[in-house]
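Chemist: Next come a sequence and a model predicted from it.
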Amino acid sequence: MNFYFFASPATFFRLAGAMAPMFFVLAAISGAVGLYLGLVVAPTDAQQGEVYRVIFIHVPAAWMSMFIYFVMACYGGMTLAFNTRLAAMMARALAPTGAMFTFVALWTGAFWGRPTWGAYWVWDARLTSELVLLFLYGGFIALANAFEDPRRGDRAAALLALIGVVNLPIIYFSVQWWNTLHQGSSVSFKGTSMHVTMLWGMLLMAFSFWMYAAGAALVRCRTLILDRERRTRWVRALS
């Protein structure tokens, strides 16, 4: 398969239009099943009671906040290395969804923290580094739109995205590097002690968020393509 063929905005525009609905359908189905398993089927936690069920939103959102930033930074690196228009547009398209998931992770974490820690917010290492990630998303979006020439904004935002990658291992390893209130990872390469129903519910929600992020990014990228390529013949032919 010639992947350079899909690097053309005109070709990718049509491909994204065909794929985005499939991602949204997968997101809806997996999200419905995941919520059913997590909120209805999964047993009550022996220590935290019913409040632990926020994990089915909080943890997948936190995973996606970091994963989307990593993918966005990869697109930023491609922008700087190869000066590819499509990579820059995909990085821009991913940023709002990544910021949304970061906010959801912080918001649900606050509601989880109140009954377990006694406070909605503490300056815990993981919470603080996740807040920094939200600021990085906001800075990327602001910097990308701060220039009249979009290509200059692409390069500036790509550089910020690459610098911000250093925050991702801080978020992940913060509970190991510092004495924090935040609990350790529920799932790791070493395995998990979670009930199988809890695990499947959380993994399905993570898959749902992943599919939603992909669909939203494709839709947003199509809008960016139309805006930047509006003077080309193929875009004028669409109207």
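Modeler: Structure's in. What do you need?

Chemist: hang on, Tyr120 is in a helix, isn't it?
Modeler: No: going by DSSP: H, G, I helix; E, B strand; the rest coil, the assignment for Tyr120 is coil, not a helix.

Chemist: State the number of residues packed around it.
Modeler: For Tyr120, the count of nearby residues is 12 (other C-beta atoms under 10 Å). Backbone N, C-alpha and C define where each C-beta goes, glycine included.

Chemist: Equivalent analysis for Tyr75, please.
Modeler: Neighbour count of Tyr75, defined by other C-beta under 10 Å: 24.

Chemist: I'd guessed it sits against Ala93; true?
Modeler: No: using C-beta atoms under 8 Å, Tyr75 makes no contact with Ala93, being 9.0 Å away.

Chemist: average pLDDT across the strand or helix carrying Ile225?
Modeler: Ile225 belongs to helix 196-228 when assigned by DSSP states H and E. For helix 196-228, the mean per-residue pLDDT is 93.

Chemist: which helices and strands sit right next to it?
Modeler: helix 9-36, helix 55-82, helix 85-117 (3 or more C-beta pairs under 8 Å, 6 or more residues apart in numbering; DSSP states H and E).

Chemist: Between helix 85-117 and that helix, find me the angle.
Modeler: Counting by axes from the mean of the first three to the mean of the last three C-alpha atoms, to 10 degrees, helix 196-228 points 140 degrees away from the direction of helix 85-117.

Chemist: returning to that earlier point: any chance of the helices and strands packed on helix 196-228 in JSON lines, plus distance to Gln48 and mean pLDDT?
Modeler: Shown next, in JSON lines, are these (distance: least, C-beta to C-beta, whole Å; pLDDT from 0 to 100):
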{"stretch": "helix 9-36", "distance to Gln48": "19", "mean pLDDT": "93"}
{"stretch": "helix 55-82", "distance to Gln48": "9", "mean pLDDT": "94"}
{"stretch": "helix 85-117", "distance to Gln48": "6", "mean pLDDT": "90"}
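
Chemist: between the ones you listed, which gets nearest to Thr232?
Modeler: helix 9-36 (7.6 Å; C-beta to C-beta).

Chemist: Which neighbouring elements make contact with the closest one?
Modeler: Using 3+ C-beta pairs under 8 Å, 6+ apart, helix 9-36 is in contact with helix 85-117, helix 196-228.

Chemist: Format these as a markdown table; extra columns: distance to Ala42 and mean neighbour count.
Modeler: Conversion of the helices and strands packed on helix 9-36 to a markdown table gives the following (distance: least, C-beta to C-beta, whole Å; neighbours: other C-beta atoms under 10 Å):
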| stretch | distance to Ala42 | mean neighbour count |
| --- | --- | --- |
| helix 85-117 | 16 | 21 |
| helix 196-228 | 5 | 20 |
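
Chemist: Who are the contact partners of the closest residue to Trp210 other than its chain neighbours?
Modeler: Spatial nearest neighbour of Trp210, excluding adjacent residues (C-beta to C-beta, 6 or more residues apart in numbering): Met64 at 6.6 Å. Taking C-beta atoms under 8 Å, 6 or more residues apart in numbering, we find Met64 in contact with 98, 101, 206, 209-210, 213.
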